[in-house]
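K.L.:
The sequence isn't on hand, but the structure is:
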């Protein structure tokens with residue numbers, strides 16, 4: 001059994017590595033070693049997340065997908081969540097989340113078959129529930145944001161999000177220099193979507 005840690009943040013400004021120490025401490029307390037880290041800045045509302053699916057591709061049956069919170073894994077719609085859950089189930093990946101204590105048994109190598117199956121059933125139900133709550137929170141926040149922007153526009157106060165011109169210029173320079181997108185993500189602390197926008201806008205050949 002390998003433990004594979006997944007760290008995600010939604011925006012370029014957030015630090016996806018923020019929870020790294022918490023995951024390390026959790027594993028150490030249980031005598032586990034984290035075999036690999038998968039880190040990305042992508043929205044949890046998107047199913048297409050390169051690092052998450054790299055983790056699933058690397059995983060062997062029985063491996064643990066370790067996350068800080070269920071919403072780090074999913075803020076997906078019901079259909080997309082069902083697709084992801086089915087993929088994890090097919091691959092035999094066990095999800096362990098720090099905010100879901102019933103999932104901690106999934107990281108125990110010495111549990112008997114009956115106990116394992118009982119906790120797996122309970123864990124699956126709670127995962128579905130927390131994924132639904134995470135999606136509702138995402139939808140609620142988006143709705144409030146849209147309402148706030150509409151009000152600000154009506155009052156002539158809305159100016160939109162300020163562009164990080166210095167960072168985007170660095171991204172353009174790295175694209176011209178032929179650096180890989182993964183390297184640019186790491187150095188500029190940005191998402192692939194940001195790199196794509198810079199490339200498209202500046203017509204960078206990369």
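P.N.:
Perfect, thanks for sending it. The model shown is predicted, which means the values in this text are computed figures rather than measured ones. Residues are numbered from 1 along each chain as shown.
K.L.:
Leaving out sequence neighbours, find the closest residue to residue 49.
P.N.:
Using CB to CB, 6 or more residues apart in numbering and skipping residues adjacent in sequence, the residue nearest residue 49 is residue 42, 4.7 Å away. For every residue, glycine as well, the C-beta is placed using N, CA and C.
K.L.:
Surely that neighbour touches residue 10?
P.N.:
Yes: contact status for residue 42 versus residue 10: in contact at 7.5 Å, counting by CB atoms under 8 Å.
K.L.:
Could you report the distance from residue 139 to residue 185?
P.N.:
Using CB to CB, to the nearest Å, residue 139 is found at 27 Å from residue 185.
K.L.:
And the two? Which one has more around it.
P.N.:
When residue 139 and residue 185 are compared for neighbours, residue 185 comes out ahead with 21 against 13, by other CB atoms under 10 Å.
K.L.:
Helix or strand: which one has the more buried one?
P.N.:
helix 181-188 (DSSP states H and E).
K.L.:
With residue 198 instead?
P.N.:
Here residue 198 is assigned to helix 192-202, by DSSP H and E.
K.L.:
what comes up buried for that helix?
P.N.:
Using 16 or more other CB atoms under 10 Å as the burial criterion, the residues of helix 192-202 that qualify are 192, 194-195, 198-199.
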